[in-house]
Structures are given as C-alpha cells and as structure tokens.
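# Need coordinates for the below:
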Amino acid sequence: MPPLPLSGPSRSATCPASALLAALLLAAVGQPALQAQTGGRRRVFPVPVAGYAPETSVMLGVALVGVVSPDTAGPPRRPSTALLTAIYTLKRQYQLELTLDHWTAGDAWHVTGFAGVERYPSQFNGIGALSTDTSETYTPQ
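Numbers count the residues shown, from 1 in each chain. Next comes the predicted model:
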C-alpha cells in the first residue's frame, strides 16, 4: 500500500520548544499508551518539555499528544490528532496551546484548528535603520 500524501497549511514555530514538540510527536506516534475497545485505536502520550533560551531562561512544561487511528478494516484513512501544550519559564512567561487536526470519514474533509494564550514579554530595539543598541521591554498583544 503506498503512503498517504501529507497536505495542508503549515504554521511556523512560535517558540523554541515547538521544534522539539514536533520531533517528540513524530517519535511518540508509534508507541501506544491507551487501546480503545471500538472505533479504532485511541492513544494519549504525555511528553515532557524542557529548554533554554536567553530570552526565556529555563522553560519547563508538558505536552499531551492524542492520536485516534481509524479501524484497520476498509480503505486506509489518516489518523486524527490533538496537541495540548503548557509551558512556563523562569522569567514568568507562559504559553498554553491547543492544536487539532481531524479527518472526516473517507478523508473527505480535513479540519484543523488552533487556539492559544501566551504571555511572552520580549525586547524591542526599533525598526530598520532607526534601531538602536538600547531596547525596551514589551508584551505582544
């Protein structure tokens, strides 16, 4: 059976932990944690998140990855996934995100969604040629 093509819009990383989460998600998909009785296989994977960046200091958190694989009987179908991420840094920054990726019966529709809240104060140095070596702290809103 040939592999199913991947399609859909991609979202750029919003924090240094996003690339780590993506790699851990790919590694975790093949390891079952919970087997459902009917309707395919449902799995949930807790993934620890740890990192460091000068802007955030040490960051710690957890990501919960949920995967629903359709029944193996019938034509091949794509799995649906959900990712819930909670991160906190030593500079009192936080990020909470929920990403959903769902395929309807027969892979007729691909429904995606993203919701999140974060507080990541950062440094602003200016725009273009008018930027300076001094910076001011701001929080994107």
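# any idea which element Asp101 lies in?
When secondary structure is defined using DSSP states H and E, the element that contains Asp101 is strand 94-103.
# ok, for the residue sitting nearest the centre point of the chain, nearest residue in space, not its chain neighbours?
By C-alpha atoms, centre = their mean, the mean C-alpha position of the chain lies nearest to Leu83, the distance being 5.4 Å. Setting aside the residues directly before and after it, Leu83 is nearest to Thr99 in space (C-beta to C-beta, 6 or more residues apart in numbering), at 4.5 Å. Where C-beta positions appear, they are placed from N, C-alpha and C, glycine not excepted.
# helices and strands around the helix or strand immediately after the strand holding Asp101 in the chain, which ones?
Stepping forward along the backbone from strand 94-103, the first helix or strand reached (DSSP H and E) is strand 110-119. The elements that strand 110-119 packs onto, with contact taken as 3 or more C-beta pairs under 8 Å, 6 or more residues apart in numbering; DSSP states H and E, are strand 94-103.
# neighbours of the residue nearest to Leu83, just the number please.
Each residue near Thr99 was counted by other C-beta atoms under 10 Å, and the total is 18.
# mind checking how far stretch 131-141 is from the chain centre?
Chain-centre distance of stretch 131-141: 27 Å, with C-alpha atoms, centre = their mean, to the nearest Å.
# ok, now how distant is the residue nearest to Leu83 from Asp107?
When C-beta to C-beta, to the nearest Å is applied, the distance between Thr99 and Asp107 equals 19 Å.
# Quick check: the residue nearest to the centre of the chain touching Ala63?
Yes. Judged on C-beta atoms under 8 Å, Leu83 makes contact with Ala63 at a distance of 6.3 Å.
# Can you tell me the closest non-neighbouring residue to Arg77?
In space, and not counting its chain neighbours, Arg77 is closest to Pro70: 4.2 Å by C-beta to C-beta, 6+ apart.
# Give me the local confidence score for that neighbour.
Taken from the predicted model, the pLDDT recorded for Pro70 is 82.
# And it, how close does it get to Phe45?
Separation of Pro70 from Phe45 (C-beta to C-beta): 18 Å.
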